[in-house]
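Novice: model this:
(one chain, ligands or ions: 1)
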Amino acid sequence: MIMLINNLNQLSSYTNTFTFYKRTSEQYNDQAILDSVKQLVPENILKFSPNDRLKLLLNWFKNDFMKWMPKELHCKICDDNRSMSVQIIEGDSTTLRKNEIHTCDKCGSKQIFPRYAKILKIAETKIGRCSEWSILFGAILNSLSIQTRLVHDYLDHCWNESLINKSWIHVDSTLDNSVSFNNPYYYEQNWGKKYEYVLAFSANGIEDVTKDYTEQWQMVQKRRGKKDKVEVFKRIYLRA
Ligand SMILES: [Zn+2]
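Specialist: Down below sits the predicted model:
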């Protein structure tokens, strides 16, 4: 019985996010959204050939455009490296995913980090962590006719894949430029990732891309155990 509950809890941690990824992927097919994010791209990048654009875009997005939101914030009023405590208020998967409310235990001041699901809100605020970065960067690439999707490792990171010469290539706008393109083993080699499922999302389905990101496929299979959940995931995603 306990094992069944554990399995169900584990399954729901995946499936809870499916609606969010599906709604986000659907925004990649919305021409009005794409037209709008295309306006963000500096004109000098558009002058380059499509082949050179992706690396220039990665550089611009990380170093000039987007800001990183740290997990732990410090109080702007006390200014004494005092960490703030965090409360998370859940929202919905189509507009505001959740609000992170950081409160200083000493002076009571608050900083709120809204985690938007709407691409245009992320484009307006230009700040976030890997999910906001990958959602918006994916939209920008799609707006420039570089077909791009979202990937999540179900540990603590997400990134993009772009279709280049008919292959899906790893693209991560949050990484240093030297490793942000086509370095799929980066996380396992440098962050010691122990994958179970790495999933890629499109509006019409999900794909299990774990094999592309691991040099330890047998270990991944061991973690999955006898019951591989990919087919279950696919059915749930279709209904999301
Ligand atoms: Zn304070």
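
Novice: Lys106 contacts His74, correct?
Specialist: No. Contact criterion Cβ atoms under 8 Å: Lys106 and His74 do not qualify, at 11.3 Å. The C-beta positions use only the backbone N, C-alpha and C, and glycine is treated the same way.

Novice: report the set of residues contacting both of these two.
Specialist: Common contact partners of Lys106 and His74 (Cβ atoms under 8 Å, 6 or more residues apart in numbering): Arg82.

Novice: more crowded one of these two?
Specialist: His74 (15 against 12; other Cβ atoms under 10 Å).

Novice: look at the spatially closest residue to the more buried one that is not a sequence neighbour and say how many residues are nearby.
Specialist: Once flanking residues are discounted, His74 sits nearest to Asn81: 5.7 Å by Cβ to Cβ, 6 or more residues apart in numbering. Neighbour count of Asn81, defined by other Cβ under 10 Å: 7.

Novice: show me where the protein has its strands.
Specialist: Per DSSP state E, the chain carries strands over the ranges 67-68, 84-90, 96-104, 110-116, 127-128, 148-152, 158-164, 167-171, 199-202, 205-208.

Novice: sorry, back to before: so the residue nearest to His74 sits right up against Leu73, yeah?
Specialist: No. Here Asn81 does not reach Leu73: they are 11.0 Å apart, not a contact under Cβ under 8 Å.

Novice: tell me, how many residues neighbour the residue lying closest to Val232 once chain neighbours are set aside?
Specialist: Counting by Cβ to Cβ, 6+ apart, the nearest residue to Val232 once its immediate chain neighbours are dropped is Leu11, at 7.2 Å. Leu11: 14 surrounding residues under other Cβ under 10 Å.

Novice: what's the answer for Gln111, then?
Specialist: Neighbour count of Gln111, defined by other Cβ under 10 Å: 16.

Novice: same thing with Asp35?
Specialist: Asp35: 10 surrounding residues under other Cβ under 10 Å.

Novice: can you tell me how far it is from Ala123?
Specialist: As judged by Cβ to Cβ, to the nearest Å, Asp35 and Ala123 stand 12 Å apart.

Novice: what residues does this protein put near the ion?
Specialist: Residues of the chain lying near the ion by Cβ under 5 Å from the ion: Cys75, Ile77, Cys78, Cys104, Lys106, Cys107, Ser109.

Novice: which of those residues are buried, as a PyMOL select command?
Specialist: Here is the PyMOL selection string for the buried members of the residues of the chain next to the ion, based on 16 or more other Cβ atoms under 10 Å:
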select buried, resi 75+104
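
Novice: wait, Val198 sits on Thr210?
Specialist: Yes. The criterion here is Cβ under 8 Å, and Val198 meets it with Thr210 at 4.3 Å.

Novice: closest one of the residues of the chain next to the ion to Pro184?
Specialist: Taking Cβ to Cβ as the measure, Pro184 lies nearest Cys75 of the residues of the chain next to the ion, at 39.2 Å.

Novice: any idea of the pLDDT on the residue lying closest to the closest one once chain neighbours are set aside?
Specialist: Leaving out its chain neighbours, the residue that sits closest to Cys75 by Cβ to Cβ, 6+ apart is Cys104, at 3.9 Å. On the pLDDT scale, Cys104 is placed at 93.

Novice: one more: Lys227?
Specialist: Lys227 carries a pLDDT value of 85.

Novice: the one 4 residues further on now?
Specialist: Here, the pLDDT recorded for Glu231 equals 94.

Novice: distance of it relative to Gln221?
Specialist: Taking Cβ to Cβ as the measure, Glu231 falls 15 Å from Gln221.

Novice: and if you look at Ile169?
Specialist: Applying Cβ to Cβ, the value for Ile169 to Gln221 is 24 Å.
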